[in-house]
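[1] one predicted model, sequence on top.
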Amino acid sequence: MATAAENILTRVSRKLGLKASVIGKIAPMDDRLLVQPLKDDEEQVTQSGIVLVKTGRVEPPSRGLVLAVGPGRTTDQGVLIPMKLKTGAEILFGKFSGTELEVEGVKVLLVREADVFAVLR
């Protein structure tokens, strides 16, 4: 019988068209998250019909889907502070946050939990 974490992993991998093996190959350490970046629209059109290309506006935060979470951060006293985020959460994080990796042709990011601005519901 599958655990709740395995069920979430299966749903997330199907939603993104990923092989579950891609997600299973990387285990985030400490307070890090494995995140699949989600595409943003390249251009926006105002009500008056003016096209705003990506370079002509302020950079918004990036969106992503949490694929895996680490165990949490350990304090200097050795106490483990568990992660607040769970697998499957859609998040907003800093545009230049994290480390980009490529696993089996799939681009993913390792991001610290502190770099996450918000959870989208």
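    Great, that's in hand.

[2] where does pLDDT dip in this protein?
    1-23, 40-45, 52-59 (pLDDT under 70).

[3] name the nearest residue to residue 69, ignoring sequence neighbours.
    residue 83 (4.8 Å; CB to CB, 6 or more residues apart in numbering). Where you see a C-beta, it was placed from the backbone N, CA and C, and this is true even at glycine.

[4] list the contacts of that neighbour.
    If you count contacts by CB atoms under 8 Å, 6 or more residues apart in numbering, residue 83 has them with 31, 33, 69, 70, 71, 72, 113.

[5] which element is residue 91 on?
    strand 90-93 (DSSP states H and E).

[6] check which element follows that strand along the chain.
    Going down the chain from strand 90-93, the next helix or strand is strand 99-103, by DSSP H and E.

[7] return the subset of the contacts of residue 83 lying in strands.
    Cross-referencing the contacts of residue 83 against strands under DSSP state E gives 33, 69, 72.

[8] just the terminal-to-terminal distance for stretch 111-121.
    20 Å (CA to CA, to the nearest Å).

[9] just stretch 50-62 next, same as before
    23 Å.

[10] what's the answer for stretch 80-91, then?
    End-to-end for stretch 80-91, by CA to CA: 23 Å.

[11] can you point out the buried residues in that stretch?
    83, 85, 87, 89, 91 (16 or more other CB atoms under 10 Å).

[12] now a ChimeraX select for only the buried ones of the contacts of residue 83.
    To isolate the buried ones among those in ChimeraX, judged by 16+ other CB under 10 Å, type:
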select :31,33,69,70,113
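
[13] out of the contacts of residue 83, which comes closest to residue 103?
    Closest approach between the contacts of residue 83 and residue 103, by CB to CB: residue 33, at 14.9 Å.

[14] distance of that closest one from residue 48?
    Distance from residue 33 to residue 48, counting by CB to CB, to the nearest Å: 39 Å.

[15] same question, residue 109
    According to CB to CB, residue 109 and residue 48 sit 36 Å apart.

[16] same deal with residue 121?
    Separation of residue 121 from residue 48 (CB to CB) stands at 32 Å.
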